[in-house]
Structure formats: C-alpha cells, structure tokens
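Asker: sharing a model prediction with you, sequence too.
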Amino acid sequence: ANAVTVADTTLSKPGDSCTYALTIKNTGGIIAKLGSVVPTAPTSTTCTNTSASTSAGASMVCGNLTYKITTDAAGSTPLKTGTTIAASTGSQAVYLIITYTGSSLNSSAVTQSAGKFTFTYNQA
C-alpha cells in the first residue's frame, strides 16, 4: 500500500494529540526515492496543505486539527521529498501526528474522518 488513512479522530482541547507509528518498506530491487507526499482532506472538511518539498514537510491544517508526517515521534523532523530507502530490505520509520492546534476549548469534541496521506516513490 502507498497510503495511510485515518478513521475517526476525536480531539477536543489544546494539547490533545494522536501519534501513529508507521514503517515504509522497500521490498523492490531498486533504491526508492520519495517523490511526493499528497495529503487528502478528511470528509466534509476544508484544509490548507503544505508540500513535503518544503522545510516544514507534508502537513495539513483542517480547522483546529493539524496533521503531519515526521520521522520522529516528537514531531520535530518532517519527512521530506528526496529521502531514500535502500533496495530489498530498506525501511523508513515515520509518524503520523494529529494535534489539536486551536487556541481554546471546543464546546464539543472535534471528530474528523478519512484524512489521508499518499506516498509516491521513484527510482533513485
């Protein structure tokens, strides 16, 4: 598979977050180079996307929730295009981090569904 999709995510106050640990594996015979990471907005939500080719890495801000792909669980090192994975047995640990970035408490929990990131790798 070349995508990660989040089912229902419910966060309600500043500081709430969910972190998902993922592993991208290269089982092919060539070195893989990350060409793009394309975010897809959760259903019924409008988002502002940031490209993985920028220093901020791939992310999307959807109302009070921010989604981002990083290479560390703390969320400080974004996954950027150009990253390579060795042939046959190479792997890359990545984290999908969803954080409530609104400045105040919502009167009810914010639930978003089907947010997605699609990864495209090319021959290095």
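Answerer: Perfect, thanks for sending it. Residues are numbered from 1 along each chain as shown.

Asker: show me where pLDDT drops low in this protein?
Answerer: For the chain, no stretch has pLDDT under 70.

Asker: for the strand of greatest length in the chain, packing partners?
Answerer: Of all the segments of type strand in the chain, defined by DSSP state E, the longest one is strand 110-123. Applying 3 or more CB pairs under 8 Å, 6 or more residues apart in numbering; DSSP states H and E, one finds that strand 110-123 contacts strand 3-11, strand 32-40, strand 59-62, strand 65-70, strand 90-100. All C-beta spots, glycine's among them, are computed from the backbone N, C-alpha and C.

Asker: and for this protein, the residue most distant from the center?
Answerer: Relative to the centre of the chain, and counting by CA atoms, centre = their mean, the farthest-placed residue is residue 107 at 26.8 Å.

Asker: how close does it sit to residue 35?
Answerer: Distance, residue 107 to residue 35, by CB to CB, to the nearest Å: 42 Å.

Asker: would you confirm that residue 122 contacts residue 28?
Answerer: No - between residue 122 and residue 28 there is no contact, the gap being 11.4 Å when judged by CB atoms under 8 Å.

Asker: which SS class is the residue farthest from the centre of the chain?
Answerer: Residue 107 carries the three-state label coil when classified by DSSP: H, G, I helix; E, B strand; the rest coil.

Asker: over to it: give its phi and psi.
Answerer: With angles defined as degrees, to the nearest 10, residue 107 sits at phi -70, psi -20.

Asker: residue 104 reaches residue 14, doesn't it?
Answerer: Yes - using CB under 8 Å, residue 104 is in contact with residue 14, at 7.2 Å.

Asker: neighbour count: these two, which is higher?
Answerer: For residue 104 versus residue 14, neighbours defined as other CB atoms under 10 Å are more numerous around residue 14 (14 against 8).
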